[in-house]
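Asks: Model the structure of this input:
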Amino acid sequence: MAAHYPIGHNMKILEIILESDNKNVYVIGDSIANGIAGAGHVTTQYTDPGKNTSFVLQNLVKPFIKSGKANGATVILSSGAANSSKVQTDDGTVIQQENFGPISSQIRLLKDAGAKVVLVGVASKQTPPQKPTQFTKGKSWVVNYTGVNQQLDSIASANGAKFLGPLEDFDNSISQHDGIHPFNGYSKLFQAGASGAASSVDSKSSKDDKKQGASPSKSSSSFEIAVPSGRVGTEVADIQKTLVALGYDIGPNGVDGVRGPYTSAAVKKLQARLGVDVDGDPGPETVGALNKLLASKPDIASGLTHAEKSDVKARAVTNTPMAALSQDAVTTGKVGKVLDLIAKPESGGAYDVMQGGKRVPQILDMTLAELYKYQKRGGAGGETAAAGRYQYMPGTLLDYAKRMGVDMNQQKFDPKFQDQLAIYTMRFQCKLDGWLDGKVSDGEFLNKLSNVWAGLPNTTGLSTYQGVGSNRAGVKADLALTTLKDIRTA
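Replies: Numbering: from 1, shown residues only. So this is what the prediction gives:
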């Protein structure tokens, strides 16, 4: 008979672990699994945020089994069901159907390999509207979890696993609540029973608090961090202030509202401490875990105040007019003029620029293979390794050359090829054709160009990579937009 715990059963994961009488506890799965792992008590983890059940099966569960660690282990499995549930756009169009089939295979494979499995559920309702993405074709969208926990519960029961869910009751702070992740509830999820039911001790304490007129068990500090919307802004400054308060080094510029290399390095150290994905980007999961940490440190949180606009030291470049180009693009017409716009802040227009702005004519006669070796040797992987009119780093050059299907040992890094390389990049990443056809706005096109070339501003007036190394915009945003409009409408 399957060892089954119905939805709402007050069973702690820690009790499940103790019941299994082993210390080999692993967490496998998506971003929810990653958050649970951050609560501790696990040997190691196999997690990858944002992946669906099929990915979890092929790339996480099977490698774990192949490692030989499954025999005798307890596996807490959050199998990507959140990423495999029904997704609908704001007009009701279903753009993703449910797909939970791989979960049965995961549980069976794990059990056949000797593991005990606890399957974690999802939220039980439809999420609030999420921000538009390319996947949803610019429309807001929701994930519909109606009935999903019941399906997962049945899958767990049929395959001899235990079930824990739903999720939303584990997070009562909801300042970062998105209907998908229990941002501030991962530790509670690990320790509490299903459906967010507290242990008997917690329940008694809660009742006693009410009798004594105590305030709700909320954070003693009102200071909470919001998720930054970009690399520059007051939210970034709040992150920096908190990092400093926690003892992390954010570099010589201090709190400047710019997520540069020092701040990103400090965020990575913090993420390792919090047990979340280490990528240097303070996203929702990191911010949720950080707010939880602050709630546990009222002495630190009470000394923090939110940043003002004056704390953001980044400024867009103001030099106008732009310096004249040393050389026009080999390519003519509208595309050639866009290439000139890119080249002005990147290289001043010269095709033989390298090593931080020096003219190195010999690179024009090198094959791509020779240039790649020269970049890796001479540039030592730093900013000075960028080469040519459009300043391609060695890894990016290699990637796009392969995409274009060119022979690295035959193709030279001459001006004609450099233009072809930049045009291919614009078509692949920046919607060049759509912009030329009037289907992509000048602002959207500029933002996409700024995502590739750090010398161009986005529509905020700043480089997308402001604060990363020496990157900053070399063109004013209004001038760039005017230039693009003039090119397109000519």
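Asks: in stretch 128-146, what's buried?
Replies: Buried residues in stretch 128-146, counting neighbours by 16 or more other Cβ atoms under 10 Å, are found at 130, 136, 141-145. Glycine gets a C-beta too; all of them are placed from N, C-alpha and C.
Asks: Val360: which of these is nearest?
Replies: Comparing these against Val360 with Cβ to Cβ places Thr136 closest, at 45.3 Å.
Asks: residues contacting the residue lying closest to His306 once chain neighbours are set aside?
Replies: The shortest distance from His306 to any residue other than its chain neighbours is 5.9 Å, reached at Asp238 (Cβ to Cβ, 6 or more residues apart in numbering). Asp238 sits next to 225-226, 304, 306-307 when contact means Cβ atoms under 8 Å, 6 or more residues apart in numbering.
Asks: Just the buried ones from the residues you listed?
Replies: Judged by neighbour count, with 16+ other Cβ under 10 Å as the criterion, the buried members of those are 225, 304, 307.
Asks: Out of those, list just those in strands.
Replies: Taking DSSP state E as the definition of strands, these contribute nothing to them.
Asks: got these as a markdown table, with pLDDT and distance to Ala422 columns?
Replies: Written out in a markdown table, the entries for the buried ones among the contacts of Asp238 read as follows (pLDDT from 0 to 100; distance: Cβ to Cβ, whole Å):
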| residue | pLDDT | distance to Ala422 |
| --- | --- | --- |
| Ile225 | 86 | 39 |
| Leu304 | 87 | 45 |
| Ala307 | 86 | 37 |
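Asks: Asn447: which of the buried residues of stretch 128-146 is nearest?
Replies: Thr136 (18.3 Å).
Asks: Could you check how far the closest one is from Gln418?
Replies: Taking Cβ to Cβ, to the nearest Å as the measure, Thr136 and Gln418 are separated by 36 Å.
Asks: Strands along the stretch 151-300 of the chain, start to end?
Replies: Secondary structure of the stretch 151-300 of the chain (DSSP state E, counting those that start in this stretch): strands at 162-164.
Asks: ranges for the helices of it?
Replies: Along the stretch 151-300 of the chain, the stretches classed as helices by DSSP state H, counting those that start in this stretch are 186-191, 200-211, 234-245, 261-274, 284-295, 298-301.
Asks: The fourth one versus helix 284-295: what angle between them?
Replies: Pointing back at helix 261-274 there. An angle of 70 degrees separates the directions of helix 261-274 and helix 284-295 when computed by axes from the mean of the first three to the mean of the last three Cα atoms, to 10 degrees.
Asks: what does helix 261-274 rub up against?
Replies: With contacts defined as Cβ under 8 Å, 6+ apart, helix 261-274 is touched by 38, 236, 239-240, 243, 246, 248-253, 259, 277-282, 286, 289-290, 293, 467-469.
Asks: burial count for the spatially closest residue to Gln96 that is not a sequence neighbour?
Replies: Closest residue to Gln96 in three dimensions, ignoring its sequence neighbours and counting by Cβ to Cβ, 6+ apart: Val87, at 3.9 Å. Neighbours of Val87 under the rule other Cβ atoms under 10 Å: 20.
Asks: Report whether Val87 is found in a helix, as I expect.
Replies: No: when classified by DSSP: H, G, I helix; E, B strand; the rest coil, Val87 is found to be strand rather than part of a helix.
Asks: ok, it - contacts?
Replies: By Cβ under 8 Å, 6+ apart, Val87 lies in contact with 94-96, 136, 141-144.
Asks: do that again at 7 Å, thanks
Replies: For Val87, the contact set (Cβ atoms under 7 Å, 6 or more residues apart in numbering) comprises 95-96, 141, 143.
Asks: Now render those as TSV, adding distance to Val56, secondary structure and pLDDT.
Replies: Below are the contacts of Val87 laid out as TSV (distance: Cβ to Cβ, whole Å; DSSP: H, G, I helix; E, B strand; the rest coil; pLDDT from 0 to 100):
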residue	distance to Val56	secondary structure	pLDDT
Ile95	21	strand	80
Gln96	16	strand	80
Trp141	22	strand	82
Val143	17	strand	85
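Asks: Shouldn't Ile28 be within a helix?
Replies: No: when the secondary structure is assigned by three-state DSSP, Ile28 falls in strand instead of a helix.
Asks: Find the nearest non-adjacent residue to Ala387, please.
Replies: Met354 (4.8 Å).
Asks: just Gly438 next, same as before
Replies: The spatially closest residue to Gly438, leaving aside those adjacent along the chain, is Arg488, at 7.3 Å (Cβ to Cβ, 6+ apart).
Asks: now what about the helix or strand encompassing the one you found, what contacts it?
Replies: Using DSSP states H and E, the secondary-structure element containing Arg488 is helix 477-489. With contact meaning Cβ under 7 Å, 6+ apart, helix 477-489 is reached by 316, 320, 334, 337-338, 341, 435-436, 442-443, 445-446, 456-457, 459, 461.
Asks: and the residues you listed, which are buried?
Replies: Buried residues within the contacts of helix 477-489, counting neighbours by 16+ other Cβ under 10 Å: 316, 334, 337-338, 341, 435-436, 442, 445-446, 456-457, 459, 461.
Asks: now, the most widely separated pair of those?
Replies: Using Cβ to Cβ, the buried ones among the contacts of helix 477-489 reach their maximum pairwise distance at Ala316 and Leu436, which is 26.5 Å.
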